[in-house]
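Student: sequence and computational prediction follow.
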Number of protein chains: 2
Amino acid sequence: MNGHTVKQETTLRDEIPSNELTNHRRFLEEAVKRVATDECVSPEQVWQGIKDGTIVIPANPLHKGVIPVGIGKGLRTKVNANIGTSVTNVDINREIEKLHAALSAGADTVMDLSTGGTTNDIDQMRQRALEHCTAPLGTVPIYQAAVMAIEQRGSIVEMTSEDIFDTIEKHAADGVDFMTVHCGITRDSLTRLMREGRVTSIVSRGGAFIAAWMIHNDAENPLYSEYDRLLEIASRYGVTLSLGDALRPGSIADATDRAQVQETIVLGELIDRAREAEVQVMVEGPGHVPLNQIAANVILQKRLCHNAPFYVLGPLVTDVAAGYDHIAAAIGGAIAAASGADFLCYVTPTEHLGLPDLEAVREGVIAARIAGHAADVAKGISGAMEWDRRMSEARKSLDWSEQIRLSIDPERAKRLRSALTPAEVNECSMCGRYCAMKIVSEYLNVPVEKC
Amino acid sequence: MNGHTVKQETTLRDEIPSNELTNHRRFLEEAVKRVATDECVSPEQVWQGIKDGTIVIPANPLHKGVIPVGIGKGLRTKVNANIGTSVTNVDINREIEKLHAALSAGADTVMDLSTGGTTNDIDQMRQRALEHCTAPLGTVPIYQAAVMAIEQRGSIVEMTSEDIFDTIEKHAADGVDFMTVHCGITRDSLTRLMREGRVTSIVSRGGAFIAAWMIHNDAENPLYSEYDRLLEIASRYGVTLSLGDALRPGSIADATDRAQVQETIVLGELIDRAREAEVQVMVEGPGHVPLNQIAANVILQKRLCHNAPFYVLGPLVTDVAAGYDHIAAAIGGAIAAASGADFLCYVTPTEHLGLPDLEAVREGVIAARIAGHAADVAKGISGAMEWDRRMSEARKSLDWSEQIRLSIDPERAKRLRSALTPAEVNECSMCGRYCAMKIVSEYLNVPVEKC
């Protein structure tokens, strides 16, 4: 991606007469510096990653106040939280509350997946979210394009290319930092899916919209056939593309099947073209995957997509954990990230059952952060191991305020701790006067933690 | 372990004039049959595992009404829940409630770790637990021996061998099915620990008691030096030994260090001697272990301990997840079990902060069960994959009552689902009228799940 920023600067200057954009080159330079500082790595390393396409910094210069975040090789594993209105929940304020809950729980990015109300409502939701979100904000424009197609033409399958690309451009112009675009589902991969058969067919909503459109219209996926048009918009606005996995498995039984792998091959080719066009790009992945296939999935994606950053949804290691899918996803996410995945989309406890409330958003973010951090420790990411060591030293020295401060969710740690009686606090939480640690400390003459 | 049951039958007849015990041979035969049926494997396979020492069935003939459970090679990963009184919580009824909460959440075994009140209180707690617990019940007799030593001699380090072995025999005679015994901490391994140094020294309570005793008395660990005495009791009562890991790491930084590995070598030798004495035996393991060292830990244990069943506590993949340690443990447990660990000790959300309440017990059990099941899917354990497939088929056919029935915690799934408004239920939980699945179903002409 040599010359990436120079070209962007030029095109943006030419096309968008905005004061912010005249400083586009400086914007990206500043973003790289900020990311390097946050990650305790050199700016050169981050620049090299962007040039190689192994790192993306999804930050649209039109998103006022965005704090850039780096995603990819050598950087801390990042966590995304989804929010958004739906047909039965059109309350924008409630979704903005969720956005803040996600950020305060430590989400690195947020995606607005709204489909509730009219296209106007969806516009408002997105614009409010962009105002409130200091983190990079992503969207899935095909959702709004589908809502618009129903409004204007009565059916999703009557959607036109214009609907899709106009919506994409509208999101870019609003300042959306990254977008999921389901470019890899093609007539070829869809045919393979139908030929092999699946337990749960297509579970990606965007993927399903496009599959239905393709079959109804007997035509190729416009996001594939008109991919250059997409690249042109992304390049013009400095938007990062997230190539969606329309054919991701929705059950353990469907994982790593021919349709999924076929789509990944196509996504790999599209990665090359995005890099050629100097557009930042990452790839989305499964989904539901048995534990023993996760590393293989990451290796496959990294190889086929030439080490593009990998953004996984979970993966869930079992289909049966409804009510606890954040835990099934944390298991899969930790293994995926330790194997090389860079970006974890959270899964909440209410996945497969309903929409998350504020507490479920919080739990989803924390579970994904635990997974990402466990992977960062395993991968030797700068600073990861030190956090654990400081926590264990605080345990050893019985420094409770420091333990709470260093907890992944200090608020929750404090609440659980404050539920103890004074006697319990004095006696330590578990062993009381039989505190193993006091005994060991006395006899081994080395400082130890309470059990 | 050829002839295991014959010898047990004889000794038990000679030593314990109990009607139940005259049927000891039949008891174990019935246990094997029951385990084989529960696991959908042949009784021959289970017998062979017991003979080889790769499977244990912790079931004391004196534990009335116990439903035997098999732990080890080729069997479903099992989950243990800890309960028990402590210095600040001496309420036995409350702990019995936790026992029932653990069983109703699907725990396969329960351990009573009581240290609260007098030795009499601890006796009562254990006897009540045995009455209430249909699952195999385990204890850590050294805890009660320590309490007794303080009562009778003023200090844990004044504990005698008699205190320890009398307590062990008392637990066996009460019907305890398996016992943690910290036999592997020796002067040798303790010296190595002190020489290398650790962030968190010894975090096993039993291990700390013994370490302090050894140093104070300048003597070898009685559970090691008088191991034959332990084997004699275990053999006489048909109790399964669980060789405790006194030197397990209590922080990521201490994982897989010389002390831990030294102890595992010793435990391996003790495994051989237990098998020689025809005593069922398993090995306990860490603890806190970084994700990338877990598989190596399991391989090491399996090799050094000649494939004895491996019972792990977590392992926690990070030290910083206080408040969410059940998730850190689920990640580690899933990887451990997929690598060959057989038995997961639950960790609750309140670990490192306080004692669990009923809800925390429930969450701890379910998190460990998710981990175990994910591993069982990966290992191809009989029936594991089918559960997921049935769940996904229920999703595909929008059969909500079946989805709830097949959830790992139907009660919670039902509660979350019933929180939806009627509109939400009718519209499906996520996409409402934009339900991808309906569209796909229509156009692909294949049945699909709701998203």
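Tutor: Received, thanks.

Student: all contacts plus neighbour counts: C-alpha atoms, from now on.
Tutor: OK.

Student: dump the longest helix belonging to chain A to CSV, restricted to CA.
Tutor: Longest among the helix segments of chain A by residue count, using DSSP state H, is helix A:358-379. Extracted in CSV, the C-alpha atoms of helix A:358-379 (Å, rounded to 0.1, in the frame of the first residue of the first chain):
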residue,chain,number,x,y,z
LEU,A,358,-27.1,-2.7,28.9
GLU,A,359,-25.9,-5.4,31.3
ALA,A,360,-25.6,-7.9,28.4
VAL,A,361,-23.7,-5.4,26.3
ARG,A,362,-21.3,-4.9,29.2
GLU,A,363,-20.9,-8.7,29.8
GLY,A,364,-20.4,-9.2,26.1
VAL,A,365,-17.6,-6.6,25.9
ILE,A,366,-15.8,-7.9,29.0
ALA,A,367,-16.0,-11.5,27.9
ALA,A,368,-14.4,-10.6,24.5
ARG,A,369,-11.8,-8.5,26.2
ILE,A,370,-10.8,-11.4,28.5
ALA,A,371,-10.5,-13.6,25.3
GLY,A,372,-8.4,-11.0,23.5
HIS,A,373,-6.2,-10.3,26.5
ALA,A,374,-5.6,-14.1,27.1
ALA,A,375,-4.5,-14.3,23.5
ASP,A,376,-2.3,-11.2,23.8
VAL,A,377,-0.5,-12.8,26.8
ALA,A,378,0.0,-16.0,24.7
LYS,A,379,1.2,-13.9,21.7
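
Student: SS state for A:V312?
Tutor: strand (DSSP: H, G, I helix; E, B strand; the rest coil).

Student: how many other residues sit next to it?
Tutor: By other C-alpha atoms under 10 Å in any protein chain shown, the residues close to A:V312 number 26.

Student: one step back: hmm, whatever helix or strand comes next after the longest helix of chain A in reach of chain B?
Tutor: Downstream of helix A:358-379, the first helix or strand assigned by DSSP states H and E is helix A:384-396. Yes - using C-alpha under 8 Å from any C-alpha of the partner chain, we find that helix A:384-396 touches chain B at A:M385, A:W387, A:D388, A:R389, A:M391, A:S392, A:E393, A:R395, A:K396.

Student: about what we covered before: pull out the buried residues from the longest helix of chain A.
Tutor: Buried positions in helix A:358-379, judged by neighbour count with 16 or more other C-alpha atoms under 10 Å in any protein chain shown: A:358, A:360-379.

Student: just stretch A:96-113 next, same as before
Tutor: A:96-103, A:105-113.

Student: what do you get for stretch A:409-422?
Tutor: A:D409, A:P410, A:A413, A:K414, A:L416, A:R417, A:L420.

Student: what about chain B: which of these touch it?
Tutor: Applying C-alpha under 8 Å from any C-alpha to the buried residues of stretch A:409-422, those adjacent to chain B are A:D409, A:A413, A:L416, A:R417, A:L420.

Student: and the residue found closest to the second one once you drop the neighbours it is linked to in the chain, helix, strand or coil?
Tutor: Counting by C-alpha to C-alpha, 6 or more residues apart in numbering or on different chains, A:A413 lies nearest to B:G323, which is 5.2 Å off, once chain neighbours are set aside. At B:G323 the chain is in coil, as set by three-state DSSP.

Student: ok, A:M179 next?
Tutor: Going by three-state DSSP: A:M179 is strand.

Student: likewise for A:N80?
Tutor: Note that with three-state DSSP, the state of A:N80 is strand.

Student: wait, doesn't it sit right on A:V110?
Tutor: Yes - at 5.3 Å, A:N80 counts as touching A:V110 under the criterion of C-alpha atoms under 8 Å.

Student: circling back: quick one: least confident of the residues of helix A:384-396 next to chain B?
Tutor: Among these, A:K396 carries the weakest pLDDT, at 87.
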